[in-house]
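[1] Predicted model, plus sequence, below.
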Amino acid sequence: MGWLGVLLMGGLGLGFAGAMILLSRVLGPRNPTPEKEAPYECGMPAVGDARERHSVKFYLVAMVFLLFDIEVAFLYPWAVALRDLGWTGLAQITTFFLILVVGYIYIWRKGVLDWGPPPRARVRDRAAPARAGMERPHAA
């Protein structure tokens with residue numbers, strides 16, 4: 001008897017959805033054009049092949065994002081149990097964050113987060129000794 005209301009609401013929902021789909025088929029305009037039937041995503045027309053290769057940096061950034069996202073997932077239970085964990089819990093989460101900060105500094109120094117073109121050396125610095133008629137000293 002308790003499930004009768006749930007079944008009734010489910011039936012009404014499915015019936016309403018079916019009726020709306022049927023009415024849109026019967027009463028809706030049919031004016032297909034190639035432009036309307038073209039795939040559309042994010043407000044931009046599709047250009048190129050969907051199976052093009054991505055840079056390795058794309059996957060590295062994705063893995064780093066997952067790593068730091070999982071870190072937040074561990075932070076929530078810690079925050080809930082903060083009063084019960086006391087100073088021991090604070091020391092553990094501080095150690096956890098320090099390990100993550102060391103990892104973040106490592107990937108930053110390795111250039112994983114650099115998406116732009118590689119930095120160019122300043123042309124003026126390279127050309128200055130040649131213009132002055134001096135050559136750079138060689139390391140011995």
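    Structure's in. What do you need? Residues are numbered from 1 along each chain as shown.

[2] Longest helix in this protein, by number of residues?
    Ranked by residue count and defined by DSSP state H, the top helix of the chain is helix 82-110.

[3] Do a quick rundown of the strands in the protein.
    Ranges of strands in the chain, per DSSP state E, are 40-41, 44-45.

[4] Packing partners of the longest helix of the chain?
    Other elements packing on helix 82-110 under the criterion 3 or more CB pairs under 8 Å, 6 or more residues apart in numbering; DSSP states H and E are helix 56-80. Every residue, glycine included, has its C-beta placed from N, CA and C.

[5] What are the contacting residues of the helix it packs on?
    Contacting residues not belonging to helix 56-80 are listed as Leu85, Gly89, Ile93, Phe96, Leu100, Gly103, Tyr104, Ile107, Val112, Leu113, Asp114, Trp115 [CB atoms under 8 Å, 6 or more residues apart in numbering].

[6] And Pro32, how close does it get to Asp69?
    Shown here: Pro32 relative to Asp69, a distance of 42 Å by CB to CB, to the nearest Å.

[7] And Ile21, by the same measure?
    Where Asp69 is concerned, Ile21 sits at a distance of 38 Å (CB to CB).

[8] circling back to that earlier point, could you give the mean pLDDT of the longest helix of the chain?
    For helix 82-110, mean pLDDT rounds to 88.

[9] Same question for stretch 93-112: list its buried residues.
    Counting neighbours by 16 or more other CB atoms under 10 Å, one finds that the buried residues in stretch 93-112 are Ile93, Tyr104, Val112.

[10] List the contacts of that stretch.
    Lys57, Leu60, Val61, Val64, Leu67, Phe68, Glu71, Phe74, Leu75, Trp78, Leu113.

[11] Next, give me the two most distant ones among those residues.
    Across these, the longest distance by CB to CB is 31.5 Å; it joins Lys57 and Trp78.

[12] which one among the contacts of helix 56-80 gets closest to Leu27?
    Trp115 (49.4 Å).
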